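S.K.: What shape does this take:
(chains A and B)
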Amino acid sequence: GQSLEQPSEVTAVEGAIVQINCTYQTSGFYGLSWYQQHDGGAPTFLSYNALDGLEETGRFSSFLSRSDSYGYLLLQELQMKDSASYFCEDYGNNRLAFGKGNQVVVIP
Amino acid sequence: DAGVIQSPRHEVTEMGQEVTLRCKPISGHNSLFWYRQTMMRGLELLIYFNNNVPIDDSGMPEDRFSAKMPNASFSTLKIQPSEPRDSAVYFCASRSGTSGSGELFFGEGSRLTVL
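M.R.: Alright, predicted model coming up:
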């Protein structure tokens, strides 16, 4: 079987930088996707890494290292609206991160 | 496109009743997923279909749960009989097989409360 492990909660102030890590142990791996979910809402797609390295999309960046079975999402210049849960997904096995994902709480 | 459409948005029912949740994926998407989300267990994949065929139903909790996809534009998730522990938000999502990123598009969810 597979598992995607993420720490549970991070609290940070506006303007700060937060890194959310994701490790996986899986076969049939294609790439790593990241999703954001606000309370009461549906998950929405943020980014995807198929190759090793950093992908930048505005304030958010995502990184993948296949050799380490590891990736991270970097949230920069945090804003209050970034308070949400963040999930990584192993695209190839169609499974979002187990458990609660990683909740980010942004405080003034 | 209107996105993934789920119904009902909210349902309250009594234990033992049958519950049917419905999903219309985005036109042209060939993969459809059913997820369940609770505070305790987070977001769990229940089952997914490729080209209307169930591929992996290992996440379906037990025989009380069943899912069908009779055509490319419609799927149902049925719980019979329902139990209080089935209370959760159920999300349907779809994906295009030609998407390089594999982006999943989620519906707004069906919030189920079983009393």
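
S.K.: what ranges of chain A fall below the confidence cut-off?
M.R.: A:1-7, A:25-26, A:93-100 (pLDDT under 70).

S.K.: what do you get for chain B?
M.R.: B:1, B:98-99.

S.K.: Quick check: residues of it near chain A?
M.R.: Within chain B, the positions near chain A by C-beta under 8 Å from any C-beta of the partner chain are B:31, B:33, B:35, B:39, B:41-45, B:48, B:56, B:91, B:93, B:100-109. Using the backbone N, CA and C atoms, a C-beta is placed for each residue, glycine as well.

S.K.: Of all residues in chain B, which one is nearest the centre?
M.R.: B:Trp34 (3.0 Å; C-alpha atoms, centre = their mean).

S.K.: show me what contacts the residue nearest to B:Ala72 when sequence neighbours are not counted?
M.R.: Spatial nearest neighbour of B:Ala72, excluding adjacent residues (C-beta to C-beta, 6 or more residues apart in numbering or on different chains): B:Asn52 at 6.0 Å. Contact partners of B:Asn52, counting by C-beta atoms under 8 Å, 6 or more residues apart in numbering or on different chains, are B:69-72.

S.K.: Most neighbours among those, which one?
M.R.: Neighbour counts for the contacts of B:Asn52 (other C-beta atoms under 10 Å in any protein chain shown) peak at B:Met69, which has 21 neighbours.

S.K.: Spell out which helix or strand contains that residue, please.
M.R.: strand B:65-71 (DSSP states H and E).

S.K.: Would you list the strands that that strand pairs with, along with their directions?
M.R.: Using DSSP bridges, the strands paired with strand B:65-71 in its sheet are strand B:74-79 (antiparallel).

S.K.: Okay, buried residues for the partner strand please.
M.R.: Buried positions in strand B:74-79, judged by neighbour count with 16 or more other C-beta atoms under 10 Å in any protein chain shown: B:75, B:77, B:79.

S.K.: Wait, B:Arg4 touches B:Ala93, no?
M.R.: Not quite, residue B:4 is Val, not Arg. Yes. Counting by C-beta atoms under 8 Å, B:Val4 touches B:Ala93, with 6.4 Å between them.

S.K.: Could you tell me which residues touch both of these two?
M.R.: Common neighbours of B:Val4 and B:Ala93, counting by C-beta under 8 Å, 6+ apart, are B:105-107.

S.K.: Show me these that map onto strands.
M.R.: Using DSSP state E, the subset of these located in strands is B:105-106.

S.K.: got CSV for the shared contacts of B:Val4 and B:Ala93, with distance to A:Gly71 too?
M.R.: Compiled in CSV, those are given as follows (distance: C-beta to C-beta, whole Å):
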residue, distance to A:Gly71
B:Phe105, 22
B:Phe106, 21
B:Gly107, 26
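
S.K.: between the shared contacts of B:Val4 and B:Ala93, which is nearest chain A?
M.R.: B:Phe106 (3.9 Å; C-beta to the nearest C-beta).

S.K.: How about that closest one: what's its closest non-neighbour residue?
M.R.: Spatial nearest neighbour of B:Phe106, excluding adjacent residues (C-beta to C-beta, 6+ apart): A:Ala42 at 3.9 Å.

S.K.: The one you found: neighbour count?
M.R.: By the criterion of other C-beta under 10 Å, A:Ala42 has 22 neighbours.

S.K.: just to revisit the earlier point, in the contacts of B:Asn52, find the pair that's most separated.
M.R.: Greatest spatial distance among those (C-beta to C-beta): B:Pro70 and B:Ala72, at 9.3 Å.
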